[in-house]
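Turn this into a model:
(chains A, B and C)
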Amino acid sequence: MYDNLNEKQKEAVCHTEGPLLILAGAGSGKTRVLTHRAAYLIEEKGVNPYHIMAITFTNKAAGEMRERIDSLVDYGAESIWVSTFHAACARILRRYIDRIGFETNFTIYDADDQKQLMKDVCKRLEIDTKIHKERYFLNAISHAKDELIDVAAYYQNAGADYHQQQIARVYDEYQKMLQKNNALDFDDLLMKTVELFQKDREVLEGYQERLRYLMVDEYQDTNTAQFAFIRMLASKYENLCVVGDDDQSIYKFRGANIRNILNFEQYFPNAAVIKLEQNYRSTQNILDAANSVIANNLGRKEKALWTENARGNKIFFRQFAEAYEEAEYVARDIKEKVRNGQYGYRDCAVLYRTNAQSRLFEERFITSDIPYKIVGGVNFYARKEIKDLLAYLKTIDNARDDLAVQRIINIPKRGIGATTIARVQDYANMQGMSFYNALRNAQEIPAVGRAAAKIESFVTFIRAMRTKAELIPLSDLLKELIEQTGYVAALEAEGTDEARARIENIEELQSKVAAYEMDEEQPTLSGFLEEVALVADVDSLDENSDYVVLMTLHSAKGLEFPQVYLAGMEDGLFPSYLSITSDQAEEEIEEERRLAYVGITRAMQNLSITCAKQRMVRGEAQYNRVSRFVKEIPPALMSQSASEPVKMREQKVQAFWRAKEAFHAKPFAGSYQPVSDTVFDFGAAGGAADISGTSGADVEAQRGKLGYGTGDRVVHQKFGEGVVTKIAAGGRDYEVTVQFDTAGVRKMFAVFAKLKRI
DNA sequence: TTAAGTTAAGTTTTT
DNA sequence: CTTAACTTAA
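Next comes the predicted model:
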């Protein structure tokens, strides 16, 4: 089993005791080393797999590692703890966070939630967000957390600097709000775990005792907090094996501390260092290109990547006149390679610097009938419909999450508007209670008045769902939720392409819930929400399906493809304009260069580098030169060809839209109501009556107030005569639906409609 | 109270 | 070019 490892790899596998730094160049088989090392520990050293932990960067990498260990080891692989930093911390905190002032059913806030909360914070502190946006403060806070700087330390560091003090105050308030909502943001997961370890020796020692053998993948991208986490865990047994490549460090902007790898031997003076320099992935040409690019960076750990692989094809390079021609070329090239059987779609990847670049390729791939998958961009779980449903689940799970409650209190429309919410919030602040608890006392809030009844039915609904959550499986709960709120029904009624896409997403969510229930021995609502909060888009990549993958260079790290297209290699795009013009341009360009290195080394057999003289950025034409990184590749390694003549653009654009329409216009199951001027009315569908319906007594009250009721014939001064089909209470007014003789079905508010019974 | 309509602002990269 | 934030009509 260990015979197909080279000498260095073997050495790394067998070095099991004490700190070990493996400097693993791109494609040098580091995953193979890690998996074999785990197998070796279990099979040869008799280590209980329960004592082994492997930390990876993405869930996908974690899954892959577990699978590969599983195929090497007879049994026990499933007891190894393979996880990402964030997932590991979340799991630890779920057990012990009550020791540092949170409840164990805390929710995890994503970027959207953070921004929402920060908006609140700024309002409270009367900070003008026109000067500094929410993101500005969030970035400052995030960086502080990466460096384990807490609020007190931030105040201290600020000294007399007014601006820093202001950030400290924002940080302070932000943390208080999080605590009040029993919520953590991504960075808190790390920081709170470290805090827990510091404050509670018992917990730390428990984990130290359990996790005697630690392995960390992609070590070059760890930040200070992550390093503190590992160091604390490892400090007892010191069996810490880290694998990394300083040349592939590309997350400085996220706090990655390159010193963690450069100074590893100083932190652990008895550390062994092993270099893996033989590359098994790429052709000689590709490797030479990568090496000559990265050679332009200073301050690297010295290493020379080599391969026994054949020289291979030259690297293709071409500059196009316009960005759409670049996309067209890539599409055509992929088609051709697939047609002559050279590659499948799954063998091809298009890599670019920014997510915005994906659009042109997407358009082109649709017209060319190329199956593709875009990784990144808007996260599945960040979509409105998904967030809405998740907010319901969160509300059911953790009523202290004010953000979640406020998100869905008026979805579907319950006539609880901004004004009412603000009044309840005021009351909650005054009483020092959570928003949801204030809702439960709605009758006692004088300012709320009539809306109290609606709030009450909302609370009753949540309470009922909460009871059900204990009794029925998660998938049934979600189904119930969708039916009771009429969420999908309302989308069906909309009948637009967009609504159909949303329904598909909801179905996708339902299958994710089902999959979670299948995988997990003890599925819980909290568990599902946590899993959902911590998935990255790359995690969903599936090697078994045949599609071209499009993604940013950052997402591509750790992956490999036979055919790689590096697109948009232009100065100003890659390296980015921001890095070129930065105060620390040299440093930032070095990071971009490492990114280029990552990109080049993803390619196994063929690499195509493309760029365009002109492209549209934010609706404006931008003219870029060929990227400096391309010029760092020796010309002898490249083949160039002249640009193709410019073709008629108009035709192509039109063809794209036709194709896109055809692509999305699938038949749609469900009732389609051609209702014009539709008010988004969930009440019309499903069992929503118990939350927004009208009782029999109300009907009489309506008839009295309005002078007409359902079934009556009425006249409208513009629409003429018609029959009232429905009257729904909404806000302080009634929403009346009328089937007009000539003007079709209309919905309108009674005060404006001025209908008269005839 | 809602939704359509208008205007302003903004883009690296992500667990 | 898209998305969020505001205005206004019903």
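
And A:E202, how far from DNA strand B?
Distance from A:E202 to DNA strand B, counting by C-beta to the nearest atom of the strand, to the nearest Å: 27 Å. Glycine gets a C-beta too; all of them are placed from N, C-alpha and C.

From start to finish, how long is stretch A:263-279 in a straight line?
End-to-end distance of stretch A:263-279 (C-alpha to C-alpha, to the nearest Å): 25 Å.

Give the buried residues for that stretch.
Within stretch A:263-279, the residues scored as buried using 16 or more other C-beta atoms under 10 Å are A:264, A:268, A:271-272, A:274-276, A:278-279.

farthest-separated two in the residues you listed?
Farthest pair in these (C-beta to C-beta) is A:F268 and A:N279. Separation: 27.2 Å.

what sits against A:T601?
A:26-27, A:279, A:281-282, A:286-287, A:290 (C-beta atoms under 8 Å, 6 or more residues apart in numbering).

Which of those residues has the largest number of neighbours?
In terms of neighbours by other C-beta atoms under 10 Å, the contacts of A:T601 top out with A:I286 at 29 neighbours.

My read is that that residue contacts A:S608, right?
No - contact criterion C-beta atoms under 8 Å: A:I286 and A:S608 do not qualify, at 11.1 Å.

Pull up the overlap in contacts between the two.
A:I315.

What about the nearest residue to A:D397 once chain neighbours are set aside, how many residues nearby?
Spatially, and ignoring its direct neighbours in sequence, A:D397 is nearest to A:L525 (4.7 Å; C-beta to C-beta, 6 or more residues apart in numbering). Neighbour count of A:L525, defined by other C-beta under 10 Å: 20.

I'd guessed A:L525 sits against A:A469; true?
Yes - when contacts are counted by C-beta under 8 Å, A:L525 is listed as touching A:A469 (5.9 Å).

As a check, name the ranges of all helices in the stretch 451-600 of chain A.
Taking DSSP state H, counting those that start in this stretch to define them, one finds helices in the stretch 451-600 of chain A at A:451-471, A:474-485, A:487-494, A:497-519, A:525-533, A:553-556, A:577-581, A:585-600.

out of those helices, nearest to A:R210?
Taking the helices of the stretch 451-600 of chain A one by one with C-beta to C-beta, helix A:525-533 is closest: 20.4 Å.

and the buried residues of stretch A:263-279 as JSON lines, adding distance to A:G341 and pLDDT?
Below are the buried residues of stretch A:263-279 laid out as JSON lines (distance: C-beta to C-beta, whole Å; pLDDT from 0 to 100):
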{"residue": "A:F264", "distance to A:G341": "47", "pLDDT": "90"}
{"residue": "A:F268", "distance to A:G341": "51", "pLDDT": "91"}
{"residue": "A:A271", "distance to A:G341": "49", "pLDDT": "93"}
{"residue": "A:A272", "distance to A:G341": "47", "pLDDT": "95"}
{"residue": "A:I274", "distance to A:G341": "41", "pLDDT": "94"}
{"residue": "A:K275", "distance to A:G341": "39", "pLDDT": "93"}
{"residue": "A:L276", "distance to A:G341": "34", "pLDDT": "93"}
{"residue": "A:Q278", "distance to A:G341": "31", "pLDDT": "94"}
{"residue": "A:N279", "distance to A:G341": "27", "pLDDT": "94"}
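
Filter the residues you listed down to the ones in helices?
Those of those mapping onto helices are A:F264, per DSSP state H.

of the buried residues of stretch A:263-279, closest to DNA strand B?
Comparing the buried residues of stretch A:263-279 against DNA strand B with C-beta to the nearest atom of the strand places A:F264 closest, at 21.5 Å.

Tell me which residues touch the closest one, please.
Residues counted as contacts of A:F264 (C-beta under 8 Å, 6+ apart) are A:19, A:21, A:219, A:242, A:271, A:273.

from those, which single one is nearest A:L477?
A:Y219 (40.4 Å).

Average pLDDT for the longest strand along chain A, rounded please.
Longest strand in chain A, counting residues (DSSP state E): strand A:603-617. For strand A:603-617, the mean pLDDT works out to 91.

ok, now stretch A:8-27?
93.

Likewise for stretch A:197-208?
96.

Just the CA atoms of it, as PDB, please.
Coordinates of each C-alpha in stretch A:197-208 appear next as PDB, following Å, rounded to 0.1, in the frame of the first residue of the first chain:
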ATOM      1  CA  PHE A 197     -10.400  26.900  25.400                       C
ATOM      2  CA  GLN A 198      -8.700  29.800  27.300                       C
ATOM      3  CA  LYS A 199     -11.400  30.100  29.900                       C
ATOM      4  CA  ASP A 200     -12.200  26.500  30.400                       C
ATOM      5  CA  ARG A 201      -9.200  24.200  30.900                       C
ATOM      6  CA  GLU A 202     -11.400  21.200  31.400                       C
ATOM      7  CA  VAL A 203     -12.900  21.500  27.900                       C
ATOM      8  CA  LEU A 204      -9.500  22.200  26.300                       C
ATOM      9  CA  GLU A 205      -7.900  19.200  28.100                       C
ATOM     10  CA  GLY A 206     -10.700  17.000  27.000                       C
ATOM     11  CA  TYR A 207     -10.100  17.800  23.300                       C
ATOM     12  CA  GLN A 208      -6.300  17.700  23.700                       C
END
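
Touching it from outside, list them.
So stretch A:197-208 is contacted by A:92, A:96, A:99-100, A:196, A:229, A:232-237 (C-beta under 8 Å, 6+ apart).

For it, list every residue counted as buried.
A:197, A:203-204, A:207-208.

quick one: A:L148 from A:D188, how far?
Separation of A:L148 from A:D188 (C-beta to C-beta, to the nearest Å) stands at 11 Å.

ok, now which ones touch A:E218?
Taking C-beta under 8 Å, 6+ apart, we find A:E218 in contact with A:56-57, A:61, A:243-244, A:248, A:557-558.

And it, its phi and psi?
phi 50, psi 50 (degrees, to the nearest 10).

Helix, strand, or coil at A:I97?
helix (DSSP: H, G, I helix; E, B strand; the rest coil).

Alright, I will stop here.
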